Every structure is written in C-alpha cells, then in structure tokens.
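K.L.:
Curious how this folds, go ahead:
(one chain, ligands or ions: 1)
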Amino acid sequence: MEFEKVKIDERKYVRVSKDELMRVVQDIFISLGVPKEDAYIVADNLVMADMRGIESHGVQRLKRYVDGIKNGAVKIKPNIKIEKEGPVHALVDGDGGLGQVIGHYAMNLAIEKAKKNYFGIVGVKRSNHYGIAGYYALMAVKDNLIGISLTTSRPLVAHTGAMEKFIGTNPISLATPTNCKYPFFLDMATSVVPSGKIEVYRRKGKPVPEGWAISTKTGEIITDPAEILSSGGAILPLGGLGELLGGHKGYGLSVMVDVLGGILTGAAWSRYVGQTQEPNSNVGHFFMAINPEAFMPLDEFKERMSKMIEDLKNAKKHPKFERIWVHGEKGFLTYETRLKKGVPVYKKVFDEINGIAKELGVKPLSP
Ligand code: NDP
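P.N.:
Just a heads-up that it's a prediction; the model follows:
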C-alpha cells in the first residue's frame, strides 16, 4: 500500500533517493572533519526522520549541526567516556560531541547490558541535540529488546500557569518488538508540537493552528511561527493552555524527562540547556533497554504485543476517522513508500543543503 504520513505538494518538494540524501549528509559531515562512521550515524538519524515523515527533525535541521561544528560549539572528535558503571547501568560523559554519536554509543551500551543482564540503563550528560528520540529506541528492537529514549531540550515551552519559554519540548520514545510488520513505536514531544514543526510552518510562510503557542507578552494564543520562535512566543505543553484538556499533564511529562535526563545524569535540565550552536549546551539523555525474557519468553511477549495492536485497530471506529492507527504504523508505511518514490525535500531546504555542499566542496544533491 502506498502511503505518506503527510500529503506532499510535489511542486514545492524535490524527491531524492534515500541513498543520495544519505551520501550528501554524510559527505558534508566528513568534510567538516567528523569521522566516517560518526558521519554515517548523524546522517542515518536525520534521513530516518524524513523517511518516516518527521520533516521537523530531518535534513531541514542539517544547517544547525553544521553551524555548531563550524563555530566550535560541537566537538567533531569528542572523548566520550563512561564515568560510572555497573552490570545494568552506566553514566556517560559525552564531552560535547554530536548528540547522535553520543546517543548511539550510550544506547549500544544499554543494549549490551540488557543482552547480558536483562536490563540496561544509561544516563548521559554533556551531550548535544540528538535528533529524533525514537532512533535510539528502535536500535534496541533490532535485538528483540524494548527500547526507551528520552532527552532534555532547550527551553521553548511555557509550563501550565507560566508565560515564558521555560521547559523543553523534551521527547519520549518507546519501541518494542512485535510479530507485526512494524514494531510498536511511540516517539513524541511532550509539548503540543516540537519546535521543528513550527520551523516547517515558518519556511512555508503559513500560520500554525490555534492552540499550539502563546504570546509571552499577553498570554494570548498566537499563530505566527516567527513570533512563536522568537522571544515573543512560547509553545504549550501537550494538552494545551491550562488544565481543561490536560496541559498540566504534558507539563508533568516534560518535567519527568528533565528528572531522568537532566537532574539524575548531572546534565542541564531544560531551563539551562543551551543551543546546538552554543558551547556547553549540556543536553542530557536517558536510555533503557529491557529484555522481555526477564518476564516471559520472547515469543509470548511478541504475541501479546501483536494481539494488543490488532485489538486496538479493530475497535469500533469513529465516523470522522477513516481508520484506527497504532504508533509506528504510519511512519513504517511512509518509510516503505519513500524507499520507492524518494524522500521529499522542501525546495528551500534542498537549495540550503546544496549551498552548504558547495561551500564545503561536496558534490551537490541531485533529484
Ligand atoms: P508526532 O505527533 O508526529 O507523532 C507522535 C507519535 O504518534 C508517533 O509515535 C506517531 O507514530 C504516532 N501517531 C501519529 N498519528 C497517530 C495516530 N492517529 N494514532 C496513533 N499513533 C499515531 O510526533 P511529534 O511531532 O510530537 O514529534 C516529532 C519528532 O520530534 C519525534 O521524533 C521526537 O523525538 C522529535 N523531538 C526531538 C526533540 C529533541 O530535542 N531532540 C524535541 C522534541 C521532539 P507514526 O507516525 O510513526 O505512526
């Protein structure tokens, strides 16, 4: 079945093959001095986002990582080290490297521990923006483990009752093996939307839907993406403004991420997290890998997961919805479709990437 999570206006996008997009992103990082295998990890993370229909965290974010490296804020060859370690846990110091490289290292450590001792819990400090949280949770699924990934992020959200950018969009992700074609895969910001989605609206020159953000001057709902991304606006927590639709619960989830990824690891929690383009952003992550066999045989777990997914999809359907989805299903179908049709890259982003490529002497992207 051909499906894409978001409807693409083909006149405004250029379709590029996954391999070509991977090539250019990798080559850009290599040209900046990033080791080849690390450049692959960053490219894989960004391109996976686009392949799964997460435009907010795909290659449209490339420039900020490039800028971070160029101005010396992000180290290309960090000394990533384990500061504390036991059979099921570790604390990693990322030494200010690329968040994706540090995240990949730390999640692998959690996976190795879970393979030996059923559980792996790894906290990370002194990292940078690591892209989509789900990238790391999915790594665990390849080894038939449950993966969990959380990260702190810079203050962009006004928590319930506040009228300033204060907490992060702090995402959470959980992925599990199943017997379905796709894993169960929840990957989400704890705010109504991540800032990347507002950046996409800004590039397209469109107002965002009402309810995503407030003015930091008046507290009123605002829809101008440029204002929201400036100091004049703040994103709302998941559930929106106030308590009626549960804004306080999104606020709580974001703080939960700060507790595990920031306070517990010794990293900055969102109020104090810096930008990728600034030195010492001190982003913190929290990863877990769980071997289902600690509780039941793997086959039984996968069977139970698959039955739950089938049951959820077969529930009595609301007339306003075409079908019931489960988390990870749309992304999986989008990925399959884009393998065949190519990844849609917004024209302005396509030109921006080729501008960066040209400046660094890298062969530009071709459609
Ligand atoms: P979305 O709202 O796009 O999706 C959230 C989850 O819901 C996904 O697991 C998605 O799976 C699933 N989903 C979508 N539609 C349905 C449906 N109808 N029924 C059931 N499940 C559904 O995510 P966000 O915009 O909140 O976040 C986008 C990305 O931004 C994430 O990857 C996140 O990690 C990243 N992020 C990163 C930050 C950072 O600092 N590093 C900060 C904030 C966010 P699918 O569509 O695959 O089926």
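
K.L.:
Contact partners for the closest residue to His57 other than its chain neighbours?
P.N.:
Nearest non-adjacent residue to His57, counting by CB to CB, 6 or more residues apart in numbering: Ala49, 4.3 Å away. Heads up, the C-betas are built off the backbone N, CA and C, glycines and all. For Ala49, the contact set (CB atoms under 8 Å, 6 or more residues apart in numbering) comprises 55-58, 131-132, 135.

K.L.:
try 6 Å
P.N.:
By CB atoms under 6 Å, 6 or more residues apart in numbering, the contact set of Ala49 is 57-58, 132.

K.L.:
How about Val273?
P.N.:
Per CB under 6 Å, 6+ apart, neighbours of Val273: 152, 154, 281, 283.

K.L.:
Run through who's touching the helix or strand encompassing Lys197.
P.N.:
Element membership of Lys197, judged by DSSP states H and E, is helix 195-204. By CB under 6 Å, 6+ apart, the residues outside helix 195-204 that reach it are 55-57, 156, 169, 208, 225-226, 228-229, 348.

K.L.:
Check stretch 348-357 too.
P.N.:
Contacts for stretch 348-357 (CB under 6 Å, 6+ apart): 14, 24, 28, 60, 66, 203, 364-365.

K.L.:
Kindly report the same for stretch 103-112.
P.N.:
Residues contacting stretch 103-112 (CB under 6 Å, 6+ apart): 41, 80, 90, 92, 120, 122, 124, 130, 136, 139-140, 143, 285, 287, 289.

K.L.:
what's the farthest-apart pair in those residues?
P.N.:
Ile80 and Asp143 (21.0 Å; CB to CB).

K.L.:
neighbour count winner among these two?
P.N.:
Applying other CB atoms under 10 Å to Ile80 and Asp143 shows that Ile80 carries more neighbours, namely 20 against 15.

K.L.:
follow-up on the earlier one: just the ones in strands from the contacts of stretch 103-112, please.
P.N.:
Among the contacts of stretch 103-112, the residues falling in strands (DSSP state E) are 90, 92, 120, 122, 124, 285, 287, 289.

K.L.:
from those residues, which is closest to Thr176?
P.N.:
Using CB to CB, those come closest to Thr176 at Ala289, 11.2 Å.

K.L.:
so the closest one sits right up against Ala140, yeah?
P.N.:
Yes. When contacts are counted by CB atoms under 6 Å, Ala289 is listed as touching Ala140 (4.5 Å).

K.L.:
need the residues of the stretch 101-250 of the chain near the ligand, please.
P.N.:
129-134, 151, 153, 169, 171, 173, 185-189, 193-194, 197 (CB under 6 Å from any ligand atom).

K.L.:
Repeat the analysis, applying 8 Å as the threshold.
P.N.:
With CB under 8 Å from any ligand atom as the criterion, the stretch 101-250 of the chain meets the ligand at residues 129-135, 151-154, 168-173, 185-191, 193-197.

K.L.:
For the residue nearest to His57, pull up the helix or strand it's in.
P.N.:
helix 36-51.

K.L.:
joint contacts of Ala289 and Ala140?
P.N.:
Common neighbours of Ala289 and Ala140 (CB under 6 Å, 6+ apart) are 111, 147.

K.L.:
Mind checking what secondary structure Phe185 has?
P.N.:
Judged by DSSP: H, G, I helix; E, B strand; the rest coil, the three-state class of Phe185 is strand.

K.L.:
For Ser17, which residues are in contact?
P.N.:
Counted by CB under 6 Å, 6+ apart, Ser17 has contacts Gly342.

K.L.:
residues near Pro155, how many?
P.N.:
For Pro155, the neighbour count with other CB under 10 Å is 20.

K.L.:
And it, its phi and psi?
P.N.:
phi -70, psi 120 (degrees, to the nearest 10).

K.L.:
which residues sit in contact with it?
P.N.:
With the criterion set at CB under 6 Å, 6+ apart, Pro155 makes contact with 165-166, 270-271.

K.L.:
Distance-wise, check the closest residue in space to Trp212 that isn't next to it in sequence relative to Ser254.
P.N.:
Spatial nearest neighbour of Trp212, excluding adjacent residues (CB to CB, 6+ apart): Val192 at 5.0 Å. Val192 sits 11 Å away from Ser254, taking CB to CB, to the nearest Å as the criterion.

K.L.:
just how off-centre is the helix holding Lys197 within its chain?
P.N.:
How far helix 195-204 lies from its chain's middle: 15 Å, per CA atoms, centre = their mean, to the nearest Å.

K.L.:
So which residues of the stretch 51-200 of the chain form helices?
P.N.:
62-70, 99-117, 134-141, 195-204 (DSSP state H, counting those that start in this stretch).

K.L.:
Among those, which comes closest to Thr178?
P.N.:
Short answer: helix 134-141, nearest of the helices of the stretch 51-200 of the chain by CB to CB, at 8.8 Å.

K.L.:
Other residues contacting the closest one?
P.N.:
Against helix 134-141 from outside (CB under 6 Å, 6+ apart): 45, 48, 103, 107, 111, 147, 149, 173-175, 177, 183, 187, 287, 289.

K.L.:
In TSV: the contacts of Val273, plus pLDDT and neighbour count.
P.N.:
Below are those laid out as TSV (pLDDT from 0 to 100; neighbours: other CB atoms under 10 Å):
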residue	pLDDT	neighbour count
Thr152	98	35
Arg154	97	23
Ser281	95	25
Val283	98	32
